[in-house]
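1. Got a sequence here, can you model it:
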Amino acid sequence: MPKIYPIKELRNTTEISEMCHESQEPIYITKNGYGDLVVMSIEAYEKVLAKLELYEKLAEGEGQLREREKMIPVKDAFSRIRSKYGEK
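-> Presented below is the predicted three-dimensional model:
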């Protein structure tokens, strides 16, 4: 369950820091009852970034596979060209 604190709690920086390191999850900070900030440990942040990078690479690979499915072998391509334009 996410931890949510009002912005005035940021005065207790040591306590917030300890909570971030213990939970390894973000802490949501509200201002006037609305979400305003997210605070997290560097370790948790780096894990999030690593996941994003992995997802980006997976998406790129999937895109390359889709493009590859549209490709045909060179031998077939030359056969099509020869049949269309005749062999010279």
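
2. end-to-end on stretch 24-36?
-> Terminal residues of stretch 24-36 are spaced 20 Å apart (CA to CA, to the nearest Å).

3. If you count neighbours, what's buried in it?
-> Applying a neighbour-count criterion of 16 or more other CB atoms under 10 Å, the buried positions in stretch 24-36 are Pro26, Ile27, Ile29. For the C-beta atoms, the positions are set from N, CA and C on the backbone; glycine is no exception.

4. Now do it, average pLDDT.
-> The pLDDT scores in stretch 24-36 average 94.

5. Same check on stretch 66-78?
-> Mean pLDDT, computed over stretch 66-78, is 81.

6. circling back: wait, which of the buried residues of stretch 24-36 is closest to Arg68?
-> Distance to Arg68 across the buried residues of stretch 24-36 (CB to CB) is lowest for Pro26, with 38.0 Å.

7. distance of the closest residue to that closest one other than its chain neighbours from Arg82?
-> With CB to CB, 6 or more residues apart in numbering as the measure, Met40 is the residue that lies nearest to Pro26, at 4.2 Å, once sequence neighbours are left out. From Met40 over to Arg82 the distance is 61 Å, taken as CB to CB, to the nearest Å.

8. With neighbour numbers in mind, choose between those two.
-> Taking neighbours as other CB atoms under 10 Å, Met40 and Arg82 compare with Met40 leading, 18 against 11.

9. you'd agree the more buried one is up against Ser23?
-> No: the pair Met40 / Ser23 is not scored as a contact, 9.0 Å apart, by CB atoms under 8 Å.

10. Just the helices from this protein, written as ranges.
-> With DSSP state H as the criterion, the chain has helices at 13-23, 42-70, 74-85.

11. Gly35 is nearest to which of those?
-> Between Gly35 and these, the shortest gap by CB to CB is with helix 13-23, which sits at 15.9 Å.

12. and that closest one, how far from the chain's centre?
-> 25 Å (CA atoms, centre = their mean, to the nearest Å).

13. what does stretch 26-38 give?
-> Taking CA atoms, centre = their mean, one finds stretch 26-38 lying 22 Å from the centre of the chain it belongs to.

14. Going forward, count from 31.
-> Happy to do that; since the first residue is 31 now, the last one works out to stretch 56-68.
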